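Asker: Here is a sequence with its predicted model. Questions after.
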Amino acid sequence: MRLLASGTGELADFAREVLTGRVTERALLYSTILTDTALNPARSAAEAWHHLPHNEQQAIVASAVENTWSEIDTLNTPTRPTPPPPPDDEDEERTFLTDAW
């Protein structure tokens, strides 16, 4: 809750209300803390889901676990930095001190 409360937005406002004791977590189950502006994308997604044929819904549900783990693995995989290109000129490999000798 503290992590949510440290953020911004409507969910953060709700978390702060819970932490101050003015609201309980269960209040989220009985009333919405989000405005219509925040809920409209979720409503649109739910409508799109309900308009899908049943076999497509089942395929999405069946692949959800694998897709979730794949996304987690992708996010946890460190990316290697690309190595710098080789120098174009031999003089670039020499340092300041090699010129002094």
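Answerer: Thanks, I have the structure now.
Asker: Next, residue 84: secondary structure please.
Answerer: Recorded secondary structure, residue 84: coil (DSSP: H, G, I helix; E, B strand; the rest coil).
Asker: now swap in residue 34 and tell me
Answerer: coil.
Asker: Just give me the residue right at the centre of this protein.
Answerer: residue 75 (9.4 Å; C-alpha atoms, centre = their mean).
Asker: Helix or strand: which one has that one?
Answerer: In the assignment (DSSP states H and E), residue 75 maps to helix 54-76.
Asker: Just the CA trace of that helix, in CSV.
Answerer: C-alpha atoms of helix 54-76 as CSV (Å, rounded to 0.1, in the frame of the first residue of the first chain):
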residue,chain,number,x,y,z
HIS,A,54,-15.6,-18.4,-27.7
ASN,A,55,-12.8,-20.4,-29.4
GLU,A,56,-10.6,-17.2,-29.5
GLN,A,57,-11.2,-16.5,-25.9
GLN,A,58,-10.2,-20.1,-25.0
ALA,A,59,-7.0,-19.8,-27.1
ILE,A,60,-6.1,-16.6,-25.3
VAL,A,61,-6.7,-18.1,-21.9
ALA,A,62,-4.8,-21.2,-22.8
SER,A,63,-1.7,-19.2,-23.9
ALA,A,64,-1.9,-16.6,-21.1
VAL,A,65,0.5,-18.4,-18.7
GLU,A,66,3.1,-19.0,-21.3
ASN,A,67,2.8,-15.5,-22.7
THR,A,68,3.2,-14.0,-19.2
TRP,A,69,6.3,-16.1,-18.4
SER,A,70,7.8,-15.2,-21.8
GLU,A,71,7.2,-11.5,-21.1
ILE,A,72,8.8,-11.8,-17.7
ASP,A,73,11.8,-13.6,-19.1
THR,A,74,12.2,-10.9,-21.7
LEU,A,75,12.1,-8.2,-19.1
ASN,A,76,14.6,-10.0,-16.9
